[in-house]
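Undergrad: Sequence first, then the predicted structure, then my questions.
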Amino acid sequence: MSRPDVVVTGLGATTPLGGDVESTWDAMLAGRSGVSPLTQEWAGQLPVRIAAQLAVEPSERIDRVKLRRLDRSEAIALIAAGEAWADSGMADAGLDPERLAVSIGSGIGGATTLLAQDDILEASGPRRVSPHTVPMLMPNGPAAWVGLELGAQAGVHSVASACATGAEAIALGLDMIRSGRADVVVAGGTEAVIHPLPIAGFASMRAMSTRNDEPEKASRPWDKGRDGFVLGEGAGVVVLERADHAAARGARVYARLAGAGLTSDGYDIVQPHPEGRGAIRAIAKAIADADVARTDIVHVNAHATSTPVGDLAEIVALHTSLGDHPVVTATKSMTGHLLGAAGALESIASILAIRDSVVPPTINLDDPDDKLDLDVAALKARPMDVPAVLNNSFGFGGHNVALVFTRG
Amino acid sequence: MTRDEITSGLAEILEEVAGVNPDDVAEEKSFTDDLDVDSLSMVEVVVAAEEKFGVKIPDNEVQNLKTVGDAVTYIESNA
């Protein structure tokens, strides 16, 4: 039996740039930064006092009582999944729930719940700890809540591969449909850890930008002045569907998820391989899996987080894998780094680049690194035909995930 | 504290914790069957009631508190 094609029929997101996909995409094309100062009292003591915070608070979409039971990462996963589901028109399609799966991961999970409840434990004792604590902090919580809301019964999965999570969750969805375990998979990533402890941890690694007085300029992938990533929060979710299933119900198809490549570096717990070997293999696998030629990949949505070392390793990997012909962009320059949601949000940007024939810009690339030998859509969106796009995601732990989307 | 006062105190807690409309709270109402309070929310209601009314409600008592009236009686006689 031939392998089924998989298409994308729904998109959903809530991000630092907007409360849904279209407002996020409009802001990206306009080159807006979602980074702002952290004005919370706790931020005063931190070396990093900027972040890319949600444009729309979950409380504007979910009622107060329900929100009490949800970690912020779960709430925004529900919001993004709800948008994607509605967008796909699946609610009226009579889908058998036993053919519907969920694959939504988080890089860090319910850390803010854990820390808030620990404060309560310390201050008031164990009896005051919320009975909702465990389902709020468990890393499968976002996937489980989405599965519950949609009635998914083909399986609910939550991969964790740090900053590659969102892309890996989508790759798992692809596998599930190809292997016949589901007809539809609601897939993506979510992250909400803007809290002093994760920030202090990343800051102690010297991984974060400390450009506190210029928040909108802080995330600057490939720029000589880059000094680390900017933490962002948000969720991105796509509806993956077997192509013939989508065709049979006359669904609108955004793009085809043509292939995925996953590798691990086996090199260091946090540093990427300096020659990008794991990334190169992931890209090669994705292109082979998609059955496209290297030259078909005209656009790359790069992982590029604005760290001095990581950005360079990816340049090497891209140049080795694809040469210098694709138009590359780093949308993290606008969204900040959404960690476990990044790969999902950037998949959405990749898909919309196909739809609208435009590559979103890499803002703040004022003074490109001398080693940047790629064609970057610097500062301004670039209109161009995008029949095929590569989306890279890499994560602490040496995870490399490359996805290829093509026009459906 | 009168039974009515305890009932309205419970209604405030139920609204905060489980979104129950205070107008729906009456002594004959069952927490689970009538007011849709699930087991985790019931734990929160109990802890909040202990604080509000200055009582101890041991876990083995909670299972006997089927209705709002049961809880009012328990609080009335143990506060």
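TA: Perfect, thanks for sending it. Numbers count the residues shown, from 1 in each chain, chains lettered A, B, ... in the order given.
Undergrad: Can you give me every residue that contacts the closest residue to chain A within chain B?
TA: Per C-beta to the nearest C-beta, B:Gly19 is where chain B lies closest to chain A, at 3.4 Å. C-beta: built from backbone N, CA, C; applies to glycine. Contacts for B:Gly19 were tallied using C-beta atoms under 8 Å, 6 or more residues apart in numbering or on different chains; they are A:Asp63, A:Arg64, A:Val65, A:Lys66.
Undergrad: Quick check: which ranges of chain B have low pLDDT?
TA: Within chain B, no range satisfies pLDDT under 70.
Undergrad: 90 instead?
TA: Where chain B drops to pLDDT under 90, the residues are B:79.
Undergrad: Tell me which stretches of it form helices.
TA: For chain B, applying DSSP state H gives helices covering B:3-18, B:39-53, B:59-62, B:68-78.
Undergrad: Sort out which residues of the second one are buried, please.
TA: Across helix B:39-53, burial judged by 16 or more other C-beta atoms under 10 Å in any protein chain shown covers B:Leu40, B:Ser41, B:Met42, B:Val43, B:Glu44, B:Val45, B:Val46, B:Val47, B:Ala48, B:Ala49, B:Phe53.
Undergrad: Please apply the same query to the shortest one.
TA: Along helix B:59-62, these residues count as buried under the neighbour rule (16+ other C-beta under 10 Å): B:Val62.
Undergrad: Can I get the buried residues of helix B:39-53 in CSV including distance to chain A?
TA: CSV is the format used below for these (distance: C-beta to the nearest C-beta, whole Å):
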residue, distance to chain A
B:Leu40, 4
B:Ser41, 8
B:Met42, 9
B:Val43, 4
B:Glu44, 6
B:Val45, 10
B:Val46, 10
B:Val47, 6
B:Ala48, 10
B:Ala49, 13
B:Phe53, 15
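Undergrad: Find the pair from the residues you listed with maximum spatial separation.
TA: Maximum pairwise distance among the buried residues of helix B:39-53 (C-beta to C-beta): 20.8 Å, between B:Leu40 and B:Phe53.
Undergrad: What is the neighbour count of the nearest residue to B:Asp38 once chain neighbours are set aside?
TA: In space, and not counting its chain neighbours, B:Asp38 is closest to B:Thr32: 7.4 Å by C-beta to C-beta, 6 or more residues apart in numbering or on different chains. Counted with other C-beta atoms under 10 Å in any protein chain shown, the neighbours of B:Thr32 add up to 13.
Undergrad: Contact partners for B:Thr32?
TA: Per C-beta under 8 Å, 6+ apart, neighbours of B:Thr32: B:Asp38, B:Met42, B:Lys66.
Undergrad: Now do the second one against B:Ala48, distance only.
TA: Taking C-beta to C-beta, to the nearest Å as the criterion, B:Met42 is separated from B:Ala48 by 11 Å.
Undergrad: swap in B:Leu35?
TA: From B:Leu35 to B:Ala48 the distance is 15 Å (C-beta to C-beta).
Undergrad: next one: A:Ala144
TA: Taken as C-beta to C-beta, the span from A:Ala144 to B:Ala48 is 26 Å.
Undergrad: List the buried residues for the longest helix anywhere in chain A?
TA: Taking DSSP H as the criterion, chain A has its longest helix at helix A:72-88. Residues of helix A:72-88 classed as buried: A:72-85, A:87-88 (neighbour count, 16+ other C-beta under 10 Å).
Undergrad: Now for the spatially closest residue to A:Leu172 that is not a sequence neighbour, how many residues are close by?
TA: Nearest residue to A:Leu172, sequence neighbours excluded (C-beta to C-beta, 6+ apart): A:Ser103, at 4.6 Å. The number of residues packed near A:Ser103 is 30, by other C-beta under 10 Å.
Undergrad: from memory A:Ser103 sits against A:Ala154, does it?
TA: No - using C-beta atoms under 8 Å, A:Ser103 is not in contact with A:Ala154; the gap is 10.4 Å.
Undergrad: okay, and the common contacts of these two?
TA: Shared contacts of A:Ser103 and A:Ala154, counting by C-beta under 8 Å, 6+ apart, come down to A:Met176.
Undergrad: what sits against the closest residue to A:Asp367 other than its chain neighbours?
TA: Distances taken as C-beta to C-beta, 6+ apart put A:Lys224 closest to A:Asp367, at 4.6 Å, once the chain neighbours are dropped. Shown in contact with A:Lys224 (C-beta under 8 Å, 6+ apart): A:Asp367, A:Pro368, A:Asp369, A:Asp370.
Undergrad: Just to check, A:Leu95 is in contact with A:Asp183?
TA: Yes - using C-beta under 8 Å, A:Leu95 is in contact with A:Asp183, at 7.1 Å.
Undergrad: circling back to that earlier point, kindly state the pLDDT recorded for the residue nearest to A:Asp367?
TA: Listed pLDDT for A:Lys224 reads 97.
Undergrad: Next, give phi and psi for it.
TA: A:Lys224 adopts backbone torsions of phi -60, psi -30, taken as degrees, to the nearest 10.
Undergrad: Pull the number of nearby residues for residue 70.
TA: No chain was given, so I picked chain A. 22.
Undergrad: Chain B was what I was after
TA: Other residues near B:Asp70 come to 15 when the count uses other C-beta under 10 Å.
Undergrad: Spit out the contact partners of it.
TA: Contacts of B:Asp70 by C-beta under 8 Å, 6+ apart are B:Asn64.
Undergrad: Show me where chain A has its helices.
TA: Counting by DSSP H, the helices of chain A are A:21-29, A:64-67, A:72-88, A:111-124, A:133-137, A:141-150, A:165-178, A:196-204, A:243-248, A:277-290, A:308-322, A:332-335, A:342-356.
Undergrad: wait, which of those is closest to A:Ile297?
TA: Among those, if distance is taken as C-beta to C-beta, the winner is helix A:308-322, at 5.8 Å.
Undergrad: What's the mean pLDDT across the closest one?
TA: If you average the pLDDT over helix A:308-322, you get 93.
Undergrad: Around chain B, which positions in chain A sit nearby?
TA: A:Asp63, A:Arg64, A:Val65, A:Lys66, A:Arg68, A:Arg69, A:Arg127, A:Arg128, A:Ser130, A:Pro131, A:His132 (C-beta under 8 Å from any C-beta of the partner chain).
Undergrad: swap the cut-off to 6 Å and go again
TA: A:Val65, A:Pro131, A:His132 (C-beta under 6 Å from any C-beta of the partner chain).
Undergrad: got a pLDDT number for the residue nearest to the last one when sequence neighbours are not counted?
TA: Excluding the flanking residues, the one nearest A:His132 by C-beta to C-beta, 6+ apart is A:Arg69, at 4.7 Å. The model reports A:Arg69 with a pLDDT of 96.
Undergrad: ok, now A:Gly408?
TA: 83.
Undergrad: where does chain A have low pLDDT?
TA: Across chain A (using pLDDT under 90), the flagged ranges come out as A:1-2, A:272-275, A:309, A:408.
Undergrad: so what's the residue of it found nearest chain B up against?
TA: Closest residue of chain A to chain B, C-beta to the nearest C-beta: A:Val65 (3.4 Å). Contacts were defined as C-beta atoms under 6 Å, 6 or more residues apart in numbering or on different chains; by that measure A:Val65 touches B:Gly19.
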